[in-house]
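K.L.:
Have a look; sequence and predicted model below, questions after that.
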Amino acid sequence: MFLVTNSKNISADEDQGYILNNLDSFKVVPTSKKREIEKFSRWFHQDWALVFNNFTEGADLYLVNVSTEEKKELKKELKEFVKRNANLSPKSMMIAWIQLGAEGWDKNFPLWSTLNDFSDEL
């Protein structure tokens, strides 16, 4: 995975012509590859409730574009996460989830048991 950067800040009202005319000022910087659980947790961004109605719908939508190998890895990583955090309070579990990159959660679904059940179904 790569990130293209530039030392000049481009304002929203500048057109893409600037980029095309100044490609020599950009460079490609390698970034770390995200784990499957991080990609999944980031799916629950701040506006997740505008995109899907609940965790189940969001998870189903996420899995549409996930390969079989990625699903296997996600299952493994979720199982490890749930096991590692089994004794946490609901608040601490939420903190651990947010540290993976999530910005929200469906309050109608208990986090630990929902992730545990979801990983069983993968």
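P.N.:
Okay, I see it. Numbering: from 1, shown residues only.
K.L.:
show me where pLDDT drops low in this protein?
P.N.:
Along the chain, the model assigns pLDDT under 70 to residues 1-31.
K.L.:
what about the helices in it?
P.N.:
Along the chain, counting by DSSP state H, helices occupy 17-21, 36-42, 48-51, 55-63, 68-84, 90-99, 111-121.
K.L.:
Now mean neighbour count and distance to residue 105 too, for those helices, in CSV please.
P.N.:
(Each C-beta comes from the backbone N, C-alpha and C, glycine too.) Formatted as CSV, the helices of the chain follow (neighbours: other CB atoms under 10 Å; distance: least, CB to CB, whole Å):
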stretch, mean neighbour count, distance to residue 105
helix 17-21, 11, 37
helix 36-42, 20, 10
helix 48-51, 13, 8
helix 55-63, 15, 8
helix 68-84, 15, 14
helix 90-99, 14, 7
helix 111-121, 16, 6
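K.L.:
how about residue 106, what does it touch?
P.N.:
Each residue near residue 106 by CB atoms under 8 Å, 6 or more residues apart in numbering is listed here: 49, 54-55, 58, 114.
K.L.:
One more pass at 7 Å, please.
P.N.:
Contact analysis of residue 106 by CB atoms under 7 Å, 6 or more residues apart in numbering lists 54-55.
K.L.:
how close does residue 70 sit to residue 97?
P.N.:
19 Å (CB to CB, to the nearest Å).
K.L.:
Repeat that for residue 81.
P.N.:
From residue 81 to residue 97 the distance is 8 Å (CB to CB).
K.L.:
got it, and residue 40?
P.N.:
From residue 40 to residue 97 the distance is 10 Å (CB to CB).
K.L.:
before we move on, what about residue 43?
P.N.:
Residue 43 is 12 Å from residue 97, by CB to CB.
K.L.:
Repeat that for residue 80.
P.N.:
14 Å.
K.L.:
now residue 51
P.N.:
18 Å.
K.L.:
Leaving out chain neighbours, which residue sits closest to residue 90?
P.N.:
Residue nearest to residue 90 in three dimensions, not counting chain neighbours: residue 111, with 6.6 Å by CB to CB, 6 or more residues apart in numbering.
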